[in-house]
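coords please:
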Amino acid sequence: MERIAKRQRGHGQPQTPDIESHFGYWLRRVSNHVSGAFAQALEARHASVAEWVVLCRIGAQPGVTPGEIAEAVDLTRGAVSKIIDKLEAKNWVARSTKPEDCRAQLLSLTRSGTRILPQLAKIADENDREFFAVLDSVESATLRRLLGKLAEFHKIRAVPTD
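Numbers count the residues shown, from 1 in each chain. Next up, the predicted model:
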């Protein structure tokens, strides 16, 4: 066993992996800081990242159903339902039903939700500016294109909500 270990190490020196040579390391390192700062800034406004994601979907598509949101953000209907319950408790979202089908819930922003959404968007914009201002416009466009290409190739549909 010892012989095998020495042969794998080569010349008796243990090989140390170069963690910084891995793209995943750098993506995770940057992502943790970007998303962590964003989550913390949202918490100051009594919102979570998951709530922000769902609010954005409802703001972009008034009358969307919880099932459509679940499919769009790749969460379970139960998880989306809990998020909607929290948004409703904050009076940011209202539920209504389709006249032809009382079981189908339609979601819309309340007056308070309509006021808070641009404030939360400003937090997202400021967070992006703070972390990505070091990149010029060409670098920003390249990074966005490359990340989009990776997400498309690997069929990554899940929207980060934590």
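
Every contact and neighbour count from this point should use C-alpha atoms.
Will do.

does the most centrally placed residue in the chain count as helix, strand or coil?
Centroid-nearest residue in the chain, with C-alpha atoms, centre = their mean: P160, separated by 2.6 Å. What DSSP: H, G, I helix; E, B strand; the rest coil gives for P160 is coil.

ditto for S108
Classification of S108 by three-state DSSP places it in strand.

show me where pLDDT drops low in the chain?
1-13 (pLDDT under 70).

ranges for the helices of it?
Counting by DSSP state H, the chain has helices at residues 2-9, 23-43, 49-60, 66-73, 77-89, 111-132, 137-153.

out of these, deepest packed?
Stretch with highest mean neighbour count among the helices of the chain: helix 49-60 (a mean of 19; mean count of other C-alpha atoms under 10 Å).

The residue nearest to the centre of the chain and L106, how far apart?
Relative to L106, P160 is positioned 23 Å away (C-alpha to C-alpha, to the nearest Å).

again, but for I123
Remark: distance between I123 and L106 (C-alpha to C-alpha) = 27 Å.

again with L143
From L143 across to L106, the span is 36 Å (C-alpha to C-alpha).

same question, A133
Note on A133: its distance to L106, by C-alpha to C-alpha, is 38 Å.

the more surrounded of those two?
Taking other C-alpha atoms under 10 Å, A133 and L106 do not tie; L106 has more neighbours (18 against 12).

ok, what's across the strand from that one?
Under DSSP bridges, the beta-bridge partners of L106 are S96.

List the residues that contact it.
Taking C-alpha atoms under 8 Å, 6 or more residues apart in numbering, we find L106 in contact with P62, G63, V64, T65, P66, R95, S96, T97, K98.

Equivalent analysis for A158, please.
With contacts defined as C-alpha under 8 Å, 6+ apart, the neighbours of A158 are V73, D74, L75.

coming back round to it: closest to T16 out of the helices of the chain?
Closest approach to T16 among these is made by helix 2-9 (9.4 Å; C-alpha to C-alpha).

ok, so what distance separates the nearest residue to A124 once chain neighbours are set aside from E152?
Distances taken as C-alpha to C-alpha, 6 or more residues apart in numbering place F38 nearest to A124, at 6.6 Å, with adjacent residues excluded. Between F38 and E152 the computed distance is 24 Å (C-alpha to C-alpha).
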